[in-house]
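> Give the three-dimensional model of this entry:
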Amino acid sequence: MTRLSMYLLGFLCLQLVLALAIYWQDHQQSTLQQAQPLLSFSRDTLDKIIVIESEKTATLAKDGDHWILPGLDNLVVNQIQLDNALEKLAALTTDWPIATTPTSHQRFELQEDNFQRRIQLFQDDNKVADLLLGSSPGFRKVHLRVLNDNNVYALPLNTFDFPAEETQWLDKNLLAVTGITAIQGTDYRLTKKQDEWTLKSPSSDKLIPIDKDKAMGLVKVLSTLRVVELISQPPVFVDAAVKKMVIEGEQKRHYQLLELNSHYYIKYQDIDRVFSISQKDYQHITDIDLSGLTADTSETNTETETNTTSNPVSPSR
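Numbers count the residues shown, from 1 in each chain. Alright, predicted model coming up:
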């Protein structure tokens, strides 16, 4: 082997070593970067969340142990939905960026004045995270970047998990009453004492035989009552069929149930809002009256009379 060949071989080996070193360094940096959270926040200390889309804004605020919607009379947020959304944000990590320059932001819809969603997280009125969501590169993925950071990432996230309409954060179970102990209908009152239900007419203290299955069915519907939607522009209820009832339990609710043009609504006195409910729930609640809750004792009475006739008591001598 000539001296020139040895030099060339040595130079080739040096290039290979340098290439391996660069690859290893890049791999290590990539691995370290993947392990870093994209956002730095503590879910337990957050007290306000703002989601923005074009001209729409949803504001969620923490009130004690609950999240509420200040723009909707402090109605309660769906806690499971919110927990899932925050969990997905906390799981985002800094994968290798697909772009690193400001000129790329327009292409991915990640400019401060052009984005699909903007998510702001606050703690004690201090903004702890400001995230922009842009176009989607594929199924269940989105382009995103942290404001004031030029790096653009393509990460697993759904834009629709972060609605900018407050009604879409609403807890659909907010009208359900837990631990029900009394139900006052138009012509009946159900009361629970020591796990036993009793039935009376509002005009009398006399106990009425109760159909326990129907009573328990009514209790179940009211304790699992689910709102279909919040009606932003309620109709005029002049010609509506209206039924009133009072439910007592862990909460006390005065309900008005309304039917108009085959649509079914519910209101309660503490909030000047109208909600829609399903036809099934509406009919189950409003079809119940005193006669429907009263047990049929005629069969029992007939059996008693039959037994008395069949086994007459012999007169005493």
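
> Name the residues of stretch 196-213 that are buried.
Trp197, Leu199, Lys200, Ile208, Ile210, Asp211 (16 or more other Cβ atoms under 10 Å). (Glycine included, C-beta is placed from N, CA and C.)

> Quick one: mean pLDDT for it?
The average pLDDT for stretch 196-213 rounds to 94.

> CA atoms only: put that stretch into CSV for me.
Output of stretch 196-213 as CSV, limited to C-alpha atoms (Å, rounded to 0.1, in the frame of the first residue of the first chain):
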residue,chain,number,x,y,z
GLU,A,196,-88.4,4.4,53.5
TRP,A,197,-90.5,6.5,51.1
THR,A,198,-93.9,7.7,52.0
LEU,A,199,-96.6,9.3,49.8
LYS,A,200,-99.1,12.0,50.7
SER,A,201,-101.4,14.4,49.0
PRO,A,202,-100.4,18.1,49.7
SER,A,203,-103.8,18.7,51.1
SER,A,204,-103.7,15.9,53.6
ASP,A,205,-101.4,14.3,56.2
LYS,A,206,-102.8,10.8,55.5
LEU,A,207,-100.3,8.3,54.1
ILE,A,208,-101.2,6.8,50.8
PRO,A,209,-100.1,3.3,49.7
ILE,A,210,-97.1,3.8,47.5
ASP,A,211,-96.0,2.1,44.3
LYS,A,212,-92.3,1.8,45.2
ASP,A,213,-91.1,0.9,41.7
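
> chain center to it: distance?
Relative to its chain's centre, stretch 196-213 lies at 37 Å (Cα atoms, centre = their mean, to the nearest Å).

> hey, what's the nearest residue to Asp73 once chain neighbours are set aside bridged with?
Distances taken as Cβ to Cβ, 6 or more residues apart in numbering put Ile271 closest to Asp73, at 5.3 Å, once the chain neighbours are dropped. Beta-bridge pairing for Ile271 (DSSP bridges): Tyr268.

> neighbours around Ile271, how many?
14 (other Cβ atoms under 10 Å).

> can you check Gln269 too?
The burial count for Gln269: 12, using other Cβ under 10 Å.

> and if you look at the one 10 residues further on?
Here the neighbour count serves as a burial measure; for Gln279 (other Cβ under 10 Å) it reads 13.

> ok, now how distant is the residue nearest to it when sequence neighbours are not counted from Val219?
Nearest residue to Gln279, sequence neighbours excluded (Cβ to Cβ, 6+ apart): Tyr264, at 5.5 Å. Distance, Tyr264 to Val219, by Cβ to Cβ, to the nearest Å: 20 Å.

> State the mean pLDDT of the helix or strand harbouring the residue nearest to Gln279.
For Tyr264, the element it lies in under DSSP states H and E is strand 263-268. Across strand 263-268, pLDDT averages out at 95.

> for stretch 102-117, same thing?
96.

> what's the span of it from first residue to last?
18 Å (Cα to Cα, to the nearest Å).

> so where's the stretch 201-317 of the chain shaky on pLDDT?
298-317 (pLDDT under 70).

> now the helices: where do they sit in it?
212-223, 279-286, 290-293, 298-310 (DSSP state H, counting those that start in this stretch).

> Just list the residues touching the residue lying closest to Asn158 once chain neighbours are set aside, thanks.
The shortest distance from Asn158 to any non-neighbouring residue, by Cβ to Cβ, 6+ apart, is to Arg140 (5.7 Å). Arg140 sits next to Pro156, Leu157, Asn158 when contact means Cβ atoms under 8 Å, 6 or more residues apart in numbering.

> Quick check: the gap between Arg140 and Phe108.
17 Å.

> Can you list the buried residues in stretch 237-248?
Within stretch 237-248, the residues scored as buried using 16+ other Cβ under 10 Å are Lys243, Met245, Ile247, Glu248.

> what about Gly71, how many neighbours?
Residues near Gly71, counting by other Cβ under 10 Å: 14.

> same thing with the one 3 residues further on?
Other residues near Asn74 number 12, with proximity taken as other Cβ under 10 Å.

> do the same with the one 3 residues further on
Using other Cβ under 10 Å as the criterion, Val77 is surrounded by 23 other residues.

> what separates the residue nearest to the spatial centre of the chain from Ala164, distance-wise?
Nearest to the mean C-alpha position of the chain, by Cα atoms, centre = their mean, lies Asn78 at 2.8 Å. The gap separating Asn78 from Ala164 is 15 Å, by Cβ to Cβ.

> Just give me the closest of the buried residues of stretch 237-248 to Asn114.
Asn114 lies nearest to Ile247 out of the buried residues of stretch 237-248, by Cβ to Cβ, at 48.6 Å.
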